[in-house]
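1. Structure here, sequence nowhere to be found:
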């Protein structure tokens, strides 16, 4: 059987490998090369070395976008995972209507980011109109608008993952802890949280990647206004490449740095949380 699998393994892998090459590998290598070039299309690249990377740090837009993205991501990751875990704790109890609530909380994740951005823009502006201001009049409004939007969209999705983790905890383990006199707080901190660490690992990875890569909601909600103060890294890269002619190489260099930053942060997060996982 093993010999047969090894014999036909390349045949079955080849279609997937070809698709992976065309969809990811070739664009990635091309993008890495173009980050060292000045170009307007992929047919006329002119090698400029590290000039594009130097230009990134001579322009404050990318630095400001980086700080804004980090500030947004920290607030969103903490709040999303907190609310998702709390909802999971509530909805894993024997309460009538839990399936309905799970569906309701999960539904926002099914709505596209552009649509969500415009919906929340209308709602927030309707509230701010009472104070004779708008969402893009102050960067603080845009910041908290994005945090609220991201919480509303992602909390229900992570809640489902936490629910799966909580339901996987052995009932005998919970019952033994209660017999030994463990309080609800001790059950939470010493039993439930350590046992759902695999779910926490997944949820943190999902929230980190989604928050750092946020684009469509940012574009629809604030479009970086006012004065690019609410532009996140993805939106800044988009504006650099498509906002003017001659800056495509700089935008591509920003994309490479963005990829390295997000990849490094996600990898560190996975390494830290993986070490805290325990066997059931």
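-> That came through fine. What you are looking at is a predicted structure, and each value in this text was computed from that prediction instead of being measured. Numbering: from 1, shown residues only.

2. Show the residue spans covered by the helices in the stretch 51-200 of the chain.
-> Assigned by DSSP state H, counting those that start in this stretch, the stretch 51-200 of the chain shows helices spanning 51-58, 60-91, 98-106, 113-128, 139-167, 171-179, 184-186, 193-195, 197-212.

3. In a markdown table, list those along with distance to residue 37, mean neighbour count and mean pLDDT.
-> Bear in mind the C-beta positions are built from the backbone N, C-alpha and C, glycine included. A markdown table is the format used below for the helices of the stretch 51-200 of the chain (distance: least, Cβ to Cβ, whole Å; neighbours: other Cβ atoms under 10 Å; pLDDT from 0 to 100):
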| stretch | distance to residue 37 | mean neighbour count | mean pLDDT |
| --- | --- | --- | --- |
| helix 51-58 | 8 | 15 | 88 |
| helix 60-91 | 18 | 18 | 94 |
| helix 98-106 | 44 | 14 | 87 |
| helix 113-128 | 31 | 16 | 92 |
| helix 139-167 | 33 | 20 | 94 |
| helix 171-179 | 58 | 12 | 86 |
| helix 184-186 | 58 | 10 | 89 |
| helix 193-195 | 49 | 16 | 90 |
| helix 197-212 | 26 | 20 | 93 |
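
4. which residues sit in contact with residue 11?
-> With Cβ atoms under 8 Å, 6 or more residues apart in numbering as the criterion, no residue contacts residue 11.

5. Please identify the helix or strand for it.
-> Assigned by DSSP states H and E, residue 11 belongs to helix 2-20.

6. Just the buried positions in whatever helix or strand comes next after that helix, please.
-> Next helix or strand after helix 2-20 toward the C-terminus (DSSP H and E): helix 26-34. Residues of helix 26-34 classed as buried by neighbour count (16 or more other Cβ atoms under 10 Å): residue 34.

7. Of all the helices of the stretch 51-200 of the chain, which one is nearest residue 23?
-> For the helices of the stretch 51-200 of the chain, the distance to residue 23 is smallest for helix 197-212, at 18.0 Å, taking Cβ to Cβ.
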